[in-house]
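In: everything below, folded, please.
(2 chains)
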Amino acid sequence: GDSVTQMEGPVTLSEEAFLTINCTYTATGYPSLFWYVQYPGEGLQLLLKATKADDKGSNKGFEATYRKETTSFHLEKGSVQVSDSAVYFCALSDLSNFGNEKLTFGTGTRLTIIP
Amino acid sequence: GAGVSQSPSNKVTEKGKDVELRCDPISGHTALYWYRQSLGQGLEFLIYFQGNSAPDKSGLPSDRFSAERTGGSVSTLTIQRTQQEDSAVYLCASSPGRIGTGELFFGEGSRLTVL
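Out: Below is the predicted model of the structure:
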């Protein structure tokens, strides 16, 4: 079955540091890939997505590129801020399954940014 | 409010009791999902509704778990004869149900503690 493996946390960085959170996946077919973020006290929300190989998703300074050859979708940001402290989840979905956008999630990576 | 609403936000119960968790999705969203978030285990898919029917129940862990949706809106997740391993945060999400977006809108969850 489909699965997502992401970098174990927690990750602690200083403000303005470079961030990478690794994510690899296993899937049959051609999934779409997502990063969701959960800020303290809030529900999960979509951060960015990519629907086909070589696509780059970006939002709020975060980027991730869909790499089919390495089955990866690593999350990066050039300069993190304290407000980026949250739990980040990598996920995949087979959007060809009409209407059922069931997501398979990784275990989440807790990121803490210190001033 | 305009978001996904879940209740109760916290529930403490004794082993063997039944519990009901409620989800009120975003108005007009035809698709509704239940997930379980256990400590260190990420998000686990439980069930998917399209309208009032549940074409995908593959994630329900045992026959103690059931869910229904009425009027194409509110959903209730019921856990009978609760066990300590049922302790988790139960998340509800909704989406418009149209193919291709992959964006689910999550509530803040119901934290269940079974003593």
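
In: only C-alpha atoms for contact and neighbour calcs from this point on.
Out: Noted.

In: residues near the residue in chain B positioned nearest to chain A, how many?
Out: With Cα to the nearest Cα, the shortest gap between chain B and chain A falls at B:Gly42, namely 3.7 Å. By the measure other Cα atoms under 10 Å in any protein chain shown, the count of residues near B:Gly42 is 17.

In: same thing with the one 10 residues further on?
Out: B:Asn52 is surrounded by 18 other residues when neighbours are defined as other Cα under 10 Å.

In: the helix or strand that contains A:Gly57 near chain B anywhere?
Out: Counting by DSSP states H and E, the element that carries A:Gly57 is strand A:56-59. No: judged by Cα under 8 Å from any Cα of the partner chain, strand A:56-59 stays clear of chain B, getting no closer than 13.1 Å.

In: ok, and the closest non-adjacent residue to the residue of chain A found nearest chain B?
Out: Relative to chain B, the nearest point of chain A is A:Thr107 (3.7 Å; Cα to the nearest Cα). Leaving aside its chain neighbours, A:Thr107 sits nearest to B:Gly42 (3.7 Å; criterion: Cα to Cα, 6 or more residues apart in numbering or on different chains).

In: residues in contact with that neighbour?
Out: Contacts for B:Gly42 were tallied using Cα atoms under 8 Å, 6 or more residues apart in numbering or on different chains; they are A:Phe105, A:Gly106, A:Thr107, A:Gly108.

In: which stretch of helix or strand covers the residue positioned nearest the centre of chain B?
Out: For chain B, the residue nearest the mean C-alpha position is B:Trp34 (3.2 Å; Cα atoms, centre = their mean). For B:Trp34, the element it lies in under DSSP H and E is strand B:31-38.

In: from the rest of the structure, what touches that strand?
Out: For strand B:31-38, contacts defined as Cα under 8 Å, 6+ apart pick out A:99-100, A:102, B:25, B:43-51, B:87-97.

In: so the residue nearest to A:Thr107 bridges to which residues?
Out: Beta bridges link B:Gly42 to B:Ser38, judged by DSSP bridges.

In: try B:Arg69
Out: Beta-bridge partners for B:Arg69, by DSSP bridges, are B:Ser75.

In: next one: the closest residue to B:Ala67 other than its chain neighbours from A:Ile113, what distance?
Out: Spatial nearest neighbour of B:Ala67, chain neighbours left out: B:Leu77 (4.3 Å); criterion: Cα to Cα, 6+ apart. In this view, B:Leu77 and A:Ile113 are 36 Å apart by Cα to Cα, to the nearest Å.
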